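S.K.: here's my sequence, what's the structure:
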Amino acid sequence: MSEPEILNAEEAATYLRITPAALTRLSRQGRIGYVKSGRARTYPLAALRAYIEAHTVQPVENPYGLTDASLQRIREGRALRSGERKVAS
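M.R.: Model (predicted):
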């Protein structure tokens, strides 16, 4: 069975792994898209995926701005301290 295209608040909160109250707060703040029918809010799956994509943090490879040579020396030092043998490049 395929996923539904529109989820109710409880299903959407479960999908995002947050509480329904947090989902309501996000939708009131305009941070997540929803469709309002009367008093009920429904959440398109595309809006939930867009929210996840927009708030996914990518890992930083070199957070300190070091040169490749400096990073290599650090990695070699850690390898030597952990008991690994240095391999000639």
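S.K.: could you give me the buried positions within the longest strand along the chain?
M.R.: Criterion DSSP state E: the longest strand present in the chain is strand 40-44. By neighbour count with 16 or more other C-beta atoms under 10 Å, strand 40-44 contains the buried residues 41-44. (Glycine included, C-beta is placed from N, CA and C.)
S.K.: next, give me the two most distant ones among these.
M.R.: 41 and 44 (10.9 Å; C-beta to C-beta).
S.K.: now the residue nearest to the spatial centre of the chain: how far from residue 50?
M.R.: Central residue of the chain (C-alpha atoms, centre = their mean): residue 56, 3.0 Å from the mean position. As judged by C-beta to C-beta, to the nearest Å, residue 56 and residue 50 stand 11 Å apart.
S.K.: I'd like the average pLDDT over the host helix or strand of residue 73.
M.R.: Using DSSP states H and E, the element containing residue 73 is helix 68-81. Taken as a whole, helix 68-81 has an average pLDDT of 80.
S.K.: show me how far the least confident helix or strand in the chain by mean pLDDT is from its chain's centre.
M.R.: Here the helix or strand of the chain ranked lowest by mean pLDDT, DSSP states H and E is helix 68-81, holding a mean of 80. Once both centres are worked out by C-alpha atoms, centre = their mean, to the nearest Å, helix 68-81 turns out to sit 30 Å from its chain's centre.
S.K.: related to what we said a few turns ago, shared neighbours, residue 41 and residue 44?
M.R.: Counting by C-beta atoms under 8 Å, 6 or more residues apart in numbering, the residues touching both residue 41 and residue 44 are 34-35.
S.K.: no further queries at this time; thank you.
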